[in-house]
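> What shape does this take:
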Amino acid sequence: MGSVYITPQDLVIPARAKRSHKGDNGRVLIVGGSPEYVGASALAGIAALHSGADSVMIAAPQKVAWAINLISSDLMTHKLSGAYLKESHKTVIARLAKDADVLLFGNGAGLHDSTLKLFKHLASFNMPKVVDADAIKALSAQELSNAIVTPHKRELELFLQNSGLDPATKPEHLRQSLPFFFDKNNVLLVKGSTDVIISKKNVWYNTTGNPGMTKSGTGDVLAGLCAGFFAQLKDAPQAAVNAAFISGRSGDALLDEKQWYTYLASDVAKEVSRVMISLKD
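Numbering: from 1, shown residues only. Purely as a prediction, here's the structure:
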């Protein structure tokens, strides 16, 4: 057990077998999106692809899914009925999840009652998961296993409150406060000026990134990277470490290039490829 500041030597860039076939290198299913937040799931999906994952399927309300198809031809979509995610979608999503290595849910989904009930079902799926954004607000630590949870400060407070804990608990004390959570192969990635990543055995601190990372959508990019690396590496703590460092390093590279905080979340997602190449060499 220990605490570590992440360096490039702590990363694992996914290897790819010469004779691998489509799908061998990670398949991600994303459940998210609403009329108000069309781009969130798309940003997450594009980031997952840039991490090296072979495919991303986004299950989203019908009009949202069509809009995502226009944003990127690299993303597959499944069109769900209605304007918002709802509990009745659970059967279709369960079928789609059988063909995925990782399920990411919550991005841009909204907080409608039926959407929150759907999140409860998705949390119970027996598969690797990444829980982000609105899904964090709906769930407790007791409901999750084999998941990376990616809250910012306010989302962490709500998650702890849902879990029956003091919402003011500091991230570095969470391993003692939530032993049952970490015993179930869960990882917390608490976003901030210094990211804190907590697993059963370790606490990591990530200092890459800059104030430009407060732009809308950068959290979706981070969640997509978590899902993409989790799908490839099958290792939740390593996926979270990779995602936090590479996301921040991508933002730093863009700040160097543009000399000010004018870059967008979509720029961060695209920059991931170049950053990974530089880290691989």
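> When you work out contacts or count neighbours from here on, use the C-alpha atoms and nothing else.
Fine.
> what are the ranges of the strands in the stretch 101-250 of the chain?
With DSSP state E, counting those that start in this stretch as the criterion, the stretch 101-250 of the chain has strands at 102-105, 129-131, 147-149, 187-190, 195-198, 202-206.
> May I see the buried residues of the second one?
It stands for strand 129-131. The neighbour-count check on strand 129-131 (16 or more other Cα atoms under 10 Å) flags K129, V130, V131 as buried.
> show me what contacts the last one?
Think V131. L104, F105, G106, A147, I148, V149, T150, A223 (Cα atoms under 8 Å, 6 or more residues apart in numbering).
> Kindly report the same for K22.
D54.
> quick revisit: can you put the strands of the stretch 101-250 of the chain in TSV and add distance to Q176 and mean pLDDT?
Shown next, in TSV, are the strands of the stretch 101-250 of the chain (distance: least, Cα to Cα, whole Å; pLDDT from 0 to 100):
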stretch	distance to Q176	mean pLDDT
strand 102-105	26	99
strand 129-131	21	99
strand 147-149	17	99
strand 187-190	13	98
strand 195-198	11	98
strand 202-206	12	97
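> would a markdown table of those strands with distance to E87 be doable?
Compiled in a markdown table, the strands of the stretch 101-250 of the chain are given as follows (distance: least, Cα to Cα, whole Å):
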| stretch | distance to E87 |
| --- | --- |
| strand 102-105 | 13 |
| strand 129-131 | 17 |
| strand 147-149 | 21 |
| strand 187-190 | 26 |
| strand 195-198 | 31 |
| strand 202-206 | 35 |
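> I'd like to know which of these lies nearest to L165.
strand 187-190 (15.1 Å; Cα to Cα).
> contacts for that closest one?
Contacts of strand 187-190 (Cα under 8 Å, 6+ apart): 146-153, 156, 171, 195-200, 236-237, 240.
> Within its sheet, name the partner strands of that strand and how each one runs.
Strand 187-190 has its sheet partners listed here by DSSP bridges as strand 147-149 (parallel), strand 195-198 (antiparallel).
> For stretch 177-195, list every residue counted as buried.
Using 16+ other Cα under 10 Å as the test for burial, stretch 177-195 gives 177-178, 181-182, 184-192, 194-195.
> so how far does it reach from one end to the other?
Stretch 177-195 stretches 19 Å from its first residue to its last (Cα to Cα, to the nearest Å).
> I'd like to know which of the strands of the stretch 101-250 of the chain lies nearest to K63.
Comparison of those against K63 by Cα to Cα identifies strand 102-105 as nearest, at 18.0 Å.
> So which elements touch that closest one?
Using 3 or more Cα pairs under 8 Å, 6 or more residues apart in numbering; DSSP states H and E as the contact test, the elements touching strand 102-105 are strand 27-31, strand 129-131, helix 218-233.
> Report the distance from it to the chain centre.
Its chain's C-alpha centre and that of strand 102-105 lie 8 Å apart, by Cα atoms, centre = their mean, to the nearest Å.
> Now that strand - C-alpha only, CSV.
Extracted in CSV, the C-alpha atoms of strand 102-105 (Å, rounded to 0.1, in the frame of the first residue of the first chain):
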residue,chain,number,x,y,z
VAL,A,102,-17.0,-2.1,-20.6
LEU,A,103,-20.2,-0.2,-19.9
LEU,A,104,-19.9,3.6,-19.4
PHE,A,105,-23.0,5.4,-18.3
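> residues making contact with it?
Contact with strand 102-105 is made by 27-32, 97, 119, 122, 127-132, 135, 223-224, 227, 230-231, as judged by Cα under 8 Å, 6+ apart.
> now stretch 173-186
The contact list for stretch 173-186 (Cα under 8 Å, 6+ apart) reads 141-142, 144-149, 165, 198-200, 236.
> so which of those residues is the most crowded?
Using other Cα atoms under 10 Å as the neighbour test, these are led by I148, with 29 neighbours.
> how close does that residue sit to E271?
Look at I148 and E271: by Cα to Cα, they are 23 Å apart.
> what do you get for I58?
The gap separating I58 from E271 is 22 Å, by Cα to Cα.
> When these two are compared, which one has more neighbours?
Neighbours per residue, other Cα under 10 Å: of I58 and E271, the larger number sits with I58, 28 against 21.
> Where does the more buried one sit: helix, strand or coil?
strand (DSSP: H, G, I helix; E, B strand; the rest coil).
> in the sheet, who's paired with it?
Bridge pairing for I58 - DSSP bridges - gives I30, T77.
> From what I see, it and L80 are in contact.
No. Judged on Cα atoms under 8 Å, I58 makes no contact with L80 at a distance of 10.1 Å.
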